[in-house]
Every structure is written in C-alpha cells, then in structure tokens.
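Participant: Whatever this is, show me its structure:
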Amino acid sequence: MRYGICTICLWIVLSGFLGCAASTPTVGTVAQRLQAEDPAVRIQAAVEAGNTGDKKVVPLLVDRLTDTDSDVRFYAGMALEKIVGREVSKHMGWVSYDPPEQRNKAVMRWRTWVRKHYGKATSQPGGEATSQPTTEPS
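Facilitator: Here you go, the predicted structure:
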C-alpha cells in the first residue's frame, strides 16, 4: 500500500502528539517529586520549585545538580538561579555541561553554601527536606 506524503506527515505528527499525550504525574510534594525515579517528574518538580521560589527544596535542588540525567541537572540549576538569585548561582560556577570533576567542585561549593544558609541539609526517605532556611539567600 502506498501512502502520499501528506498522509505520512499527518501520521508522524499524530504519533508525536499521542506519544506526548501522557502528562507527567504531579502526585506528592515538590520535595518528593525531586527524588522520584522518573527524570521527567524530577524535571517538572525543579521547574515548579523555580517558578514558585520554593526555598524549602534548595538542598534537594543542589542534590539534583549531580543527577545522572543531564536535563534534570540543567533544570535544577535553573531553579536554583531563580530561587537564590543569579549572583549566588554565578558565584558557584556550576554549569550543567561542564565535565563531571568541574561540576562536582561546584556542587561542593553549593553544599557549603546550603549548610551556611540552611543548616544541615538532608533529605529523608519520605522525600521531605529536613532543613529550613536560616537566613535569606544573599
């Protein structure tokens, strides 16, 4: 059976829409979703945290800077910049596409900053960050 070029294009477009039709679940808190198994869920949570300025999840966003998924790392970095400000983010020197050893050094700077401004930052198995900001990010 032969298909015309318009039919093939329509099939490609429709299959793309159908493939993207399932939306990312938004079940759980932002903190829980930042620790989800699915990278798409972690990305969506990072975007939400950045858009809402959710300072409670800054320690978890810093953890996502070492995520195995490069897109998660990128969106976590963007969220941190929105939440704590461009100057703080720029000072840390973290870039999502830097080589791992460079990123790791920058993540250590982030973690030191988080300890200073947020206290001991850890996450619990339930996905909730246990620390709250002690001062406003500078």
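Participant: Confidence-wise, which helix or strand of this protein is lowest on average?
Facilitator: Least confident element among the helices and strands of the chain, by mean pLDDT, DSSP states H and E: helix 5-19 (a mean of 43).
Participant: Do you have the helices of this protein handy? List them.
Facilitator: Using DSSP state H, the helices assigned to the chain run over residues 5-19, 30-34, 39-52, 58-64, 70-84, 86-92, 100-118.
Participant: Please identify the most buried of the ones you listed.
Facilitator: Across the helices of the chain, averaging neighbours per residue (mean count of other Cβ atoms under 10 Å) puts helix 58-64 on top, at a mean of 25. Backbone N, C-alpha and C define where each C-beta goes, glycine included.
Participant: Now do the same for that one: mean pLDDT, whole number.
Facilitator: Mean pLDDT, helix 58-64: 96.
Participant: And for stretch 29-42?
Facilitator: 96.
Participant: Ok, stretch 92-109 next?
Facilitator: 91.
Participant: Run through who's touching that stretch.
Facilitator: Applying Cβ atoms under 8 Å, 6 or more residues apart in numbering, the contact partners of stretch 92-109 are 62, 65, 66, 70, 73, 74, 77, 91, 110, 113.
Participant: and of those residues, the nearest to residue 85?
Facilitator: Nearest to residue 85 among the contacts of stretch 92-109 is residue 91, at 9.7 Å by Cβ to Cβ.
Participant: Can you tell me the closest non-neighbouring residue to that closest one?
Facilitator: Computed as Cβ to Cβ, 6 or more residues apart in numbering, the closest residue to residue 91 that is not its neighbour in sequence is residue 109, at 7.9 Å.
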